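**Student:** got a structure for you, letters missing:
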């Protein structure tokens, strides 16, 4: 087994999952906190849209991203103008795909965590003169720290196993966009069962350790 051929998808998967999970937690924290503390007309529709990638087939999510970020779309043209190259079929496209499919899971986890925080503590801090940012930083986030950790780990695990959306929008380019799931698909399709088993064992081990750590941290 070629060492470079084996470790390239592993390294790329870990990089994509790490960056996507950080983005998901940061964006998810801001949105989940606001959504858990505010009521407005159409809130149910907005939350339903947030959760849509959770129930849509990953290939559908990938196709929509491909249409949105492709060269024919205004977003795709704007990205190409800003960065001098299209985003589709690049490493960054894999990050976008993983972020989108992992966001609903992290959002739900964070929203439940923020809902469990005692609102009376937040109100007391505001009455004492604290701003919303100070309340979030010094009270809400520390009390919801387990939800933050769970959102990051579950998001990482979801990103690590992402296949359909990544394949659609980032492709399967060895050394550039080939992640562990897409590498397993190619290995099985080409009869390289030993490589497929090695990558499968790798992703199963990573996922098991992540879930084990999540359970231990919540005890």
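**Tutor:** Ah, there it is. Bear in mind that the values here come from a model prediction, so they are computed numbers and not experimental data.

**Student:** report the contact partners of residue 193.
**Tutor:** residue 187 (CB atoms under 8 Å, 6 or more residues apart in numbering). Where you see a C-beta, it was placed from the backbone N, CA and C, and this is true even at glycine.

**Student:** read off the pLDDT value for it.
**Tutor:** Model confidence at residue 193, given as pLDDT, is 91.

**Student:** do the same with residue 3
**Tutor:** 67.

**Student:** for the longest helix seen in the chain, which positions count as buried?
**Tutor:** When the chain is parsed with DSSP state H, its longest helix is helix 3-37. Residues 8-10, 12-14, 16-17, 19-21, 23-25, 28-29, 31-33, 35-37 are the ones in helix 3-37 that count as buried (16 or more other CB atoms under 10 Å).

**Student:** same thing with stretch 133-142?
**Tutor:** Per 16+ other CB under 10 Å, stretch 133-142 contains these buried residues: 135-136, 139-141.

**Student:** list the buried residues of the helix or strand that the longest helix of the chain is followed by.
**Tutor:** Remark: after helix 3-37, the chain's next helix or strand is helix 43-55, criterion DSSP states H and E. By neighbour count on 16+ other CB under 10 Å, the buried set for helix 43-55 is 47, 50, 53.

**Student:** give me the local confidence score for the residue at the greatest distance from the centre of the chain.
**Tutor:** Most distant residue from the mean C-alpha position of the chain: residue 128, 36.7 Å away (CA atoms, centre = their mean). In this prediction, residue 128 carries a pLDDT score of 86.

**Student:** what's it sitting at in phi/psi?
**Tutor:** In terms of degrees, to the nearest 10, the main-chain angles of residue 128 are phi -80, psi 0.

**Student:** start the count at 25, not 1, going forward
**Tutor:** Happy to do that; since the first residue is 25 now, the last one works out to residue 152.

**Student:** could you measure from it over to residue 164?
**Tutor:** For residue 152, the distance to residue 164 (CB to CB, to the nearest Å) stands at 15 Å.

**Student:** which sections of the chain are below the confidence cut-off?
**Tutor:** Counting by pLDDT under 70, the ranges of the chain that qualify are 25-27, 242-243.

**Student:** this structure: strands as residue ranges?
**Tutor:** Counting by DSSP state E, one finds no strands in the chain.

**Student:** helices of that one, start to end?
**Tutor:** Shown for the chain, the helices assigned by DSSP H span residues 27-61, 67-79, 82-93, 98-107, 115-139, 143-151, 156-159, 165-167, 169-184, 188-194, 204-213, 217-241.

**Student:** quick check: angle from the second one to helix 27-61?
**Tutor:** What it means is helix 67-79. Helix 67-79 and helix 27-61 are oriented at 160 degrees to each other (axes from the mean of the first three to the mean of the last three CA atoms, to 10 degrees).
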